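Trainee: Just to be clear, the model below is a prediction. Sequence and coordinates:
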Amino acid sequence: MEANSSFENINEHRGLVRQVTWILEKVDLPENSIVHEQCIYRVPHRIRQPNPQAYTPRVVSIGPIHTPRSPGGDIRLEPMENLKLQYLKSFFTRSQLSVAECVCKLKEWERIIKCPFV
């Protein structure tokens, strides 16, 4: 039983690596696009506190909760999905990490990452 589970984990890992690699092959690096000089900064708490809704993102989804692909997801967030992929591809290029290395590390950290949101 344990060997079968290990085989499934290896297949899942390989599938994730193939999927992310395939998606990123079609994405331009931010350095090669108009977004090269754009940044997002954190709003200081003292400014955000009086009206938190004014600083709640309505264009970019961060994390798994508000993605446009989730059930009931906000379609207005869809245009930023490609931009996020561009930055992911840039990260891989600059860091010289492989998709396989990142997937492996994320799988290792998955329980810790998800814990606060479960």
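Mentor: Structure's in. What do you need? Since we're looking at a predicted model, the values are computed, not measured.

Trainee: Which strand or helix spans residue 15?
Mentor: Using DSSP states H and E, residue 15 sits in helix 2-25.

Trainee: before we move on, what about residue 101?
Mentor: Following DSSP H and E, one finds residue 101 within helix 99-114.

Trainee: What is that helix packed up against?
Mentor: Helix 99-114 sits against helix 2-25, with contacts defined as 3 or more Cβ pairs under 8 Å, 6 or more residues apart in numbering; DSSP states H and E. C-beta: built from backbone N, CA, C; applies to glycine.

Trainee: tell me the angle the helix it packs on makes with helix 99-114.
Mentor: 110 degrees (axes from the mean of the first three to the mean of the last three Cα atoms, to 10 degrees).

Trainee: chain center to helix 2-25: distance?
Mentor: The gap between where helix 2-25 is centred and where its chain is centred comes out at 17 Å by Cα atoms, centre = their mean, to the nearest Å.

Trainee: I'd like the mean pLDDT over that helix, please.
Mentor: In this model, helix 2-25 has an average pLDDT of 84.

Trainee: Show residues contacting it.
Mentor: The contact list for helix 2-25 (Cβ atoms under 8 Å, 6 or more residues apart in numbering) reads 85, 88, 89, 92, 99, 100, 102, 103, 104, 107.
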